[in-house]
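Enquirer: quick one, what's the 3D model for this:
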Amino acid sequence: MWETIRGYLTFTRKERFGVLFLLLLISILFVAPYFFRPSVGEPDPVAYEKMKKGIREFDSGTDSSRKAGTYDRYHENKPGMDTRNSGGSDRPVTGALFSFDPNTITEAEWQRLGISERLTQTILHYIEKGGRFRRAEDLRKLYGLRPDDYERLLPFVCIARIPGNRQTRSGFYSNTSENQQVAVKKTDSVYRQNALKITANAVYPYRVKKGTITEINMADSADWSRLPGIGEKLASRIVHFRDRLGGFYKADQVAETFGLPDSTFKKIKPFLTLNKPALQLIDINNASKEILQAHPYIRWQIAQGIIEYRRQHGNFQSVDELLQLAQMDPQKFEKMRPYLVVKP
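Expert: Purely as a prediction, here's the structure:
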């Protein structure tokens, strides 16, 4: 056993010289920085005194850049922030006080109240996009409105209510007039239902969309957006999906649109009609790989299989021959079959 251990610890003459050389080289590299440090020279007395003076001013709170410049520049970069009291000044904002409805007053009236022009533009932009103040306390949510301005304006806020509307526990606004009953779902202070509802007693600016009969292969984005639960984005997705397919051959295909909830599809399904479908057919004997894989039902794996089959066996004699592909299963085949054709 000792012989085996000694065999591992025995070195030749060259190996011993090599180990000693490496140890010497490592030692030199370790101590060399202590002998070759760069000279930094003598410190500049003027610069040193200037630095000490700046530190004393900062500690004593008399640094002018901290009192005014830095603070103001920071606040000037905040969109919609009232900066007239910035910089630690206790000077109150002057402005007239009068009763006002924040949903209806003009830019000039906001500025009369002592609100800065930038914050005024933010408020008007919020209202223009469909926002609405429902309670006086909603002013507190304005980014850039100073707390003292909020306390000053709060007693003078008078928000007019929509006649005949009340909010229920479910988050809907219900019209309880004798002739009309309208339920409108609230979505983050923006109402998608913005058509006018005129009754004998009042004007109601919101109503639920009424579905219209839609031919799914002829409807454009505007037609789709008239259906309940379908906005501009979903309407564009449905049209884009239909174009990529080459037309719908049954109404249930609409439900396959990306982002379309099943509950929404159930709402619009009674309004969907399909006349004789005019589909864009793909000739599997002549279509390129790019055309094949661009179809939502085919994709690149099946497209590659079709190209390989044509290269090895020649043209397809019928569409049913696609079932011979290893990548194909009967369910996929039935979905894509109406879009495929064989031409010599």
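Enquirer: burial measure for residue 95, as a count.
Expert: By other CB atoms under 10 Å, 15 other residues sit near residue 95. The C-beta positions use only the backbone N, C-alpha and C, and glycine is treated the same way.
Enquirer: residues in contact with it?
Expert: Residues near residue 95 by CB atoms under 8 Å, 6 or more residues apart in numbering: 111, 112, 113, 114, 115, 152.
Enquirer: one more time with 6 Å
Expert: Each residue near residue 95 by CB atoms under 6 Å, 6 or more residues apart in numbering is listed here: 113, 114.
Enquirer: just the element for it, please.
Expert: Assigned by DSSP states H and E, residue 95 falls within no helix or strand.
Enquirer: skipping its backbone neighbours, what lies nearest the residue nearest the centre of the chain in space?
Expert: For the chain, residue 233 is the residue whose C-alpha lies nearest the centre (CA atoms, centre = their mean; 13.0 Å). Excluding its sequence neighbours, the residue lying closest to residue 233 (CB to CB, 6 or more residues apart in numbering) is residue 259, at 7.7 Å.
Enquirer: can you get me a residue count around that neighbour?
Expert: Using other CB under 10 Å, residue 259 has 9 other residues around it.
Enquirer: repeat for the one 5 residues further on
Expert: Using other CB under 10 Å, residue 264 has 17 neighbouring residues.
Enquirer: tell me which stretches of this protein form strands.
Expert: For the chain, applying DSSP state E gives strands covering 165-167, 172-175, 183-185, 197-198, 203-204, 214-215, 272-273, 282-283, 340-341.
Enquirer: tell me how far residue 140 lies from residue 96.
Expert: Taking CB to CB, to the nearest Å as the measure, residue 140 falls 21 Å from residue 96.
Enquirer: now residue 10
Expert: 101 Å.
Enquirer: swap in residue 344?
Expert: 86 Å.
Enquirer: how about residue 224?
Expert: Separation of residue 224 from residue 96 (CB to CB) stands at 50 Å.
Enquirer: more crowded one of these two?
Expert: A side-by-side neighbour count of residue 224 and residue 96, using other CB under 10 Å, places residue 224 first with 24 against 10.
Enquirer: so where's this structure uncertain?
Expert: Within the chain, the ranges that satisfy pLDDT under 70 run 1, 37-43, 61-94, 161-211.
Enquirer: what's the domain layout of it?
Expert: Using automatic domain parsing, the domain parsing of the chain gives 75-156, 165-204, 214-273, 282-341.
Enquirer: any chance of those in CSV with distance to residue 2 as columns?
Expert: Listed next are the domains of the chain as CSV, based on distance: least, CB to CB, whole Å:
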stretch, distance to residue 2
domain 75-156, 78
domain 165-204, 83
domain 214-273, 75
domain 282-341, 66
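Enquirer: so for residue 50, which of the ones you listed sits nearest?
Expert: Residue 50 sits nearest to domain 75-156 of all those, at 24.9 Å, using CB to CB.
Enquirer: residue 298 - how many residues pack around it?
Expert: Close neighbours of residue 298, defined as other CB under 10 Å, add up to 24.
Enquirer: which residue packs closest to it, ignoring adjacent ones?
Expert: Nearest residue to residue 298, sequence neighbours excluded (CB to CB, 6+ apart): residue 292, at 5.2 Å.
Enquirer: what's the longest helix in the chain?
Expert: The single longest helix within the chain, with elements called by DSSP state H, is helix 13-35.
Enquirer: who are the packing partners of that one?
Expert: Using 3 or more CB pairs under 6 Å, 6 or more residues apart in numbering; DSSP states H and E, no helix or strand is in contact with helix 13-35.
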